[in-house]
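Student: what shape does this take:
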Amino acid sequence: LLPTPTGTPFTFAYTAVLAVTSIVATYAAPDLVHALHQDSSTDVAHLVRTPVLVLLTSALWVAGGFLGPYALGFLLVLTALERRVGGVRTALVFLAGHVLATLATEVPVGLAVLAGRLPGSSLFRLDYGISFGVAASVGALAGLLRPWLRWPVLALFGGMLLQDLLNLTDPLTNWGHLIALVIGVGMWPLVRRWRAARAG
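Tutor: Numbers count the residues shown, from 1 in each chain. You can find the predicted model right below:
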């Protein structure tokens, strides 16, 4: 269930990085942590100036802390996915969800600001974390599970995301989670081919 250096090297190494950044976020000076998060934010302003840098660095932080639900989901889901399709392909699934869901939520914000429907401050909305990548990985992993487990996993996780959206706590992020889950589900044919190739 948990990553190991030899069995799941990508998940293991990524977990180690997240553990370090989580320690920094917990024990460093609040002003420094805020500055690091701000510099890693995938808000519209940063995406326009340094898109590749912020898309990578934003995935080095765990919003909600290392003991939060998405950190636990990261450990379990990415370990299971990597054991089935390998480390590089797991990284591709994670990045697809992280990058595409980020763009799908931030590009409309930029367009709305240009159209005068949102204030200019929306261009600097703080946005970082691993949750989009985790959501995509859940969606992709579900396609590799047996039907008796696949559909309950999708129903429970999707239901949780819908409930978050209905609560309107952070609609932009909540939409991003649903989009990332759909991206993962859309990758079923690909991850199934990857698993077959790995098994063969």
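Student: just give the nearest non-adjacent residue to residue 65, would you?
Tutor: Taking Cβ to Cβ, 6 or more residues apart in numbering, and ignoring the residues beside it in sequence, residue 65 has residue 22 as its nearest neighbour in space, at 6.4 Å. For the C-beta atoms, the positions are set from N, CA and C on the backbone; glycine is no exception.
Student: separation between that neighbour and residue 61?
Tutor: With distances defined as Cβ to Cβ, to the nearest Å, the gap from residue 22 to residue 61 amounts to 8 Å.
Student: now do the residue nearest to residue 65 against residue 60, distance only.
Tutor: Using Cβ to Cβ, which is the criterion applied here, residue 22 is 10 Å from residue 60.
Student: can you give me the buried ones in stretch 98-113?
Tutor: 98, 99, 100, 101, 102, 103, 104, 105, 106, 109, 110, 113 (16 or more other Cβ atoms under 10 Å).
Student: what do you get for stretch 21-29?
Tutor: So for stretch 21-29, counting by 16+ other Cβ under 10 Å, buried means 21, 22, 25.
Student: chain center to it: distance?
Tutor: 20 Å (Cα atoms, centre = their mean, to the nearest Å).
Student: helix, strand or coil for residue 116?
Tutor: When the structure is reduced to helix, strand and coil (DSSP: H, G, I helix; E, B strand; the rest coil), residue 116 reads as coil.
Student: the chain should start at 707 in everything you say after this.
Tutor: Sure, I'll start numbering at 707, so the last one becomes residue 822.
Student: residues near it, how many?
Tutor: Applying other Cβ atoms under 10 Å, we find 8 other residues in the vicinity of residue 822.
Student: also residue 861?
Tutor: Around residue 861 there are 11 other residues, counting by other Cβ under 10 Å.
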